[in-house]
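Peer 1: Can you look at this prediction? I've put the sequence above it.
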Amino acid sequence: MSTATHPAINATGRFGAYGGRYVPETLMAALQELELAYDQAQADPAFHAELDSLLRDYVGRPTPLYFASRLTEQLGGAKIYLKREDLLHTGAHKINNCIGQGLLAKRMGKKRIIAETGAGQHGVATATVCALFGFECVVYMGEEDMRRQELNVYRMRLLGAEVHGVSSGSRTLKDAINEAMRDWVTNVRTTHYLLGSVLGAHPYPMMVRDFHRVISKEARAQILEKEGRLPDTVIACVGGGSNAIGAFYEFIQDKDVRLIGVEAGGRGAVLGEHAARFQGGSPGVLQGTFSYVLQDDAGQIALTHSVSAGLDYASIGPEHAMLHDSGRATYTSATDDEALKATVTLARTEGILPALESAHAVAECIKLAPTLSRHDILIINISGRGDKDMGILSRELNLKGA
Amino acid sequence: MPIRFQSKPGLVAYFTAGDPDLPTTREIALAAIDAGADVLELGVPFSDPLADGPVIQRASERAVKGGTTLSDVLALAADLRRERPDAGLVIFSYFNPVLRFGLDRFCAAAKEAGVDGVLITDMIVEEADDYLVHLHRYQLAPIFLAAPTSPDDRLQRIAQASQGFVYAISRTGITGTQQKLASDAEQLVQRLRKFTDLPIAVGFGVSNAEHFAAVGEFADAAVIGSAIVSLIEQSTREEAPSSIARFIKGLRQPVALAR
């Protein structure tokens, strides 16, 4: 089933050379159970009916595709559209996947959910879905991320989730995933791991992508309706890569649509100062999957930095690795400063405050749009809203001079 | 050198190479062999040991910080092989350091060093085709993990792909000591036994003489890991080899079994 309906992936979960399953044996039965449950759900109209109804009435889909006229005018090049995933319930695209996996957990009879979170958006979305379905919820979050995304920690707790701080490594997303996997390997019989990006072992990268495909499905229909043609360029930020693959997927077959993923350039090109896997990384295995990884010569995983917790991760989804190698998508990066400036630009031209993650995509647009013609059409996926980032923004920006 | 368990139950001793430093690991390894360990698992430190509990995580962090690499662990293995020709030597690693080193180059170097077997924590049989080709080329024994959650069809593949011994994980979970040995273990060994005549070693949470004797009732060998690593953590560099030797000898002291 999975091989027939997902042509880009083979039976062992490979996207070209990338992906696969590199996990402790203890988790294999759970991964196979999940794969089976997912395939059965995919073939079940009742699952899709329930998913679609929740996406519409609870999550708030479809999201608008908004023509950003003032930003377009200011940059003086391509026509810029914003796909408004920031308007979804809980404030980011992450909820698309959480609703889908929540329904799967229900089908599998698992009542305890664990998750990792970086920026806290996936944690909040998971806590929300657990409240909605009556599941017990435990979220692992690096202590550094808890500090910089404090508001989301409080939101998760308010929703009834237990938030466990992780103090190992760089105390960010990677370390939270390690700890979530340790919980899962221990409680695997009763617990579903609601992984929040297109990472980890098969079937996660495929399944999480499928739950986010709705982004490009809607955007494609919306731009055809508004402009009567496909866009020239689609831009999205890439941490693990869930919003980007969701924004790209339905355009992959449209060869003339340029797909651009934007990684976190952090403070600069030195290893440890950024999270640009395609600029400093090499193929390796981290946390269940084979993809590009920031690592040293001995195969130790490097520390990473980004002002945005959601992009601060040493590896990238395996499907992006395939799209990178084939040249179908290109990957650039934006620095912390560029993302911060882009946040202010979008706030002041359109009255839309993007998440710092999404601001990386806006930063690429600010560089690219002026070089394009007024007939070009560009879509930016605004994957989340910036309310969570107020603390960082107030510390990092001198607003008088911004 | 084929992996052999000289006494029943056999004893597999794990420690993280480079914790607290490589010269101390060497002395600990020699002391462990002399005290009766049949097989040593030389743990390659990794930045992200997601199958390990806090004790081995800390050891791994110390060893990574000290700069211990896979090359160092292979050099240590060669040294131990020269000193103790009969001991079983297994390289125990997460996959990424091996992949980064190069699979073929690693297998050649391991063979050259006199290593007997390789265990990769995050390598499952489905992903192992290429890995097995290389291990077989250099006559290294692939050792796979079997878990209480593995259904019989997986146990059969694991047993068929393994050489030297099969490592049965006593319970779902990460590495670490525990008060009581899980009841999952005996059942898993019985299920595995249908598929293989290889020795079966039980690990995860085997931490004292009582557990060791209990495992000996139904399995061929026991793997002691976190208990040893924890003892190293609590000892000074000078004391560590003798504490480990004492601990290992103590495992074989007769105990009254509570079963």
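Peer 2: Thanks, I have the structure now.

Peer 1: Nearest to chain B: which residue in the stretch 251-400 of chain A?
Peer 2: Closest contact between the stretch 251-400 of chain A and chain B, by CB to the nearest CB, is at residue A:299 (3.1 Å). The C-beta positions use only the backbone N, C-alpha and C, and glycine is treated the same way.

Peer 1: Do you know the pLDDT at the residue nearest to residue A:149 when sequence neighbours are not counted?
Peer 2: Spatially, and ignoring its direct neighbours in sequence, residue A:149 is nearest to residue A:120 (4.1 Å; CB to CB, 6 or more residues apart in numbering or on different chains). On the pLDDT scale, residue A:120 is placed at 93.

Peer 1: The one 3 residues further on too?
Peer 2: In the predicted model, residue A:123 carries a pLDDT score of 97.

Peer 1: can you map out the strands along the chain?
Peer 2: Just going to use chain A. Here chain A has its strands, by DSSP state E, at A:14-15, A:18-19, A:65-67, A:79-84, A:112-117, A:136-142, A:162-166, A:191-193, A:233-237, A:258-266, A:282-286, A:289-293, A:329-335, A:377-382.

Peer 1: Hmm, no, I was thinking of chain B.
Peer 2: B:10-16, B:39-43, B:88-93, B:117-120, B:141-142, B:145-146, B:166-169, B:200-203, B:221-224.

Peer 1: helices and strands around the second one, which ones?
Peer 2: When you say that, I think you mean strand B:39-43. Packing partners of strand B:39-43 (3 or more CB pairs under 8 Å, 6 or more residues apart in numbering or on different chains; DSSP states H and E): strand B:10-16, helix B:22-34, helix B:54-65, helix B:70-83, strand B:88-93.

Peer 1: now swap in the fourth one and tell me
Peer 2: Judged by 3+ CB pairs under 8 Å, 6+ apart, strand B:117-120 is in contact with strand B:88-93, strand B:141-142.

Peer 1: Let me have these in a markdown table, adding mean pLDDT, distance to residue A:138 and mean neighbour count as columns.
Peer 2: Shown next, in a markdown table, are the helices and strands packed on strand B:117-120 (pLDDT from 0 to 100; distance: least, CB to CB, whole Å; neighbours: other CB atoms under 10 Å in any protein chain shown):
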| stretch | mean pLDDT | distance to residue A:138 | mean neighbour count |
| --- | --- | --- | --- |
| strand B:88-93 | 98 | 29 | 26 |
| strand B:141-142 | 98 | 35 | 20 |
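
Peer 1: Can I get those strands in CSV including distance to residue B:241?
Peer 2: Listed next are these as CSV, based on distance: least, CB to CB, whole Å:
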stretch, distance to residue B:241
strand B:88-93, 18
strand B:141-142, 27
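
Peer 1: Quick one, which of those gets closest to chain A.
Peer 2: The minimum distance between chain A and those falls on strand B:88-93, with 9.2 Å, by CB to the nearest CB.

Peer 1: where's the residue nearest the centre of chain A relative to chain B, distance?
Peer 2: The centroid of chain A falls nearest to residue A:242 when counting by CA atoms, centre = their mean (3.2 Å). Noted for residue A:242: a distance of 20 Å to chain B, by CB to the nearest CB, to the nearest Å.

Peer 1: is it true that that residue touches residue A:95?
Peer 2: No. With contact defined as CB atoms under 8 Å, residue A:242 does not count as touching residue A:95 (11.3 Å).

Peer 1: ok so, going back, for the residue nearest to residue A:149, give me its contacts.
Peer 2: Remark: with contacts taken as CB atoms under 8 Å, 6 or more residues apart in numbering or on different chains, residue A:120 is in contact with A:141, A:145, A:149, A:151, A:152, A:153, A:155, A:156, A:309, A:388.

Peer 1: Quick one: low-confidence residue ranges for chain A.
Peer 2: A:1-11, A:399-402 (pLDDT under 70).

Peer 1: and it, which residues reach chain B?
Peer 2: Residues of chain A lying close to chain B by CB under 8 Å from any CB of the partner chain are A:12, A:20-30, A:168-169, A:174, A:177-178, A:181-182, A:185-189, A:283-288, A:293, A:295, A:297-301.

Peer 1: Mind checking which of those residues land in helices?
Peer 2: A:28, A:29, A:30, A:174, A:177, A:178, A:181, A:182, A:185, A:186 (DSSP state H).

Peer 1: Farthest pair within those?
Peer 2: A:29 and A:174 (25.2 Å; CB to CB).

Peer 1: between these two, who's got more neighbours?
Peer 2: Using other CB atoms under 10 Å in any protein chain shown as the criterion, residue A:29 and residue A:174 rank with residue A:174 on top: 31 against 18.

Peer 1: Next, the contact list for the more buried one, please.
Peer 2: By CB under 8 Å, 6+ apart, residue A:174 lies in contact with A:142, A:286, A:287, A:301, A:304, A:313, A:314, A:315, B:48.

Peer 1: Could you give the bridge partners of the closest residue in space to residue A:281 that isn't next to it in sequence?
Peer 2: Of all residues not flanking residue A:281 in the chain, residue A:292 sits nearest, at 4.1 Å (CB to CB, 6+ apart). Beta-bridge partners of residue A:292, counted by DSSP bridges, are residue A:283.

Peer 1: distance of residue A:250 from chain B?
Peer 2: Taking CB to the nearest CB as the measure, residue A:250 falls 30 Å from chain B.

Peer 1: Distance of residue B:127 relative to residue A:215?
Peer 2: 31 Å (CB to CB, to the nearest Å).

Peer 1: higher neighbour count, those two?
Peer 2: A count of neighbours by other CB under 10 Å puts residue A:215 above the other of residue B:127 and residue A:215, at 29 against 21.

Peer 1: what about residue 39, how many neighbours?
Peer 2: This is for chain A. Residue A:39 has 17 nearby residues by other CB under 10 Å.

Peer 1: meant chain B actually
Peer 2: Neighbour number of residue B:39 under other CB under 10 Å is 27.

Peer 1: Now for it: which residues touch it?
Peer 2: By CB under 8 Å, 6+ apart, residue B:39 lies in contact with B:3, B:5, B:10-13, B:87-90, B:116, B:165, B:201, B:221.

Peer 1: how does it look with 10 Å?
Peer 2: Shown in contact with residue B:39 (CB atoms under 10 Å, 6 or more residues apart in numbering or on different chains): B:3-5, B:10-14, B:32-33, B:87-90, B:116-117, B:143, B:164-165, B:199, B:201, B:221, B:223.

Peer 1: How about residue B:22?
Peer 2: Contact analysis of residue B:22 by CB under 10 Å, 6+ apart lists B:63, B:66, B:67, B:68, B:72, B:73, B:75, B:76, B:79.

Peer 1: Could I get those residues in a markdown table, plus columns for pLDDT and neighbour count?
Peer 2: Shown next, in a markdown table, are the contacts of residue B:22 (pLDDT from 0 to 100; neighbours: other CB atoms under 10 Å in any protein chain shown):
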| residue | pLDDT | neighbour count |
| --- | --- | --- |
| B:63 | 98 | 26 |
| B:66 | 97 | 14 |
| B:67 | 97 | 13 |
| B:68 | 98 | 25 |
| B:72 | 98 | 19 |
| B:73 | 98 | 27 |
| B:75 | 98 | 16 |
| B:76 | 98 | 23 |
| B:79 | 98 | 16 |
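
Peer 1: No further questions, thank you.
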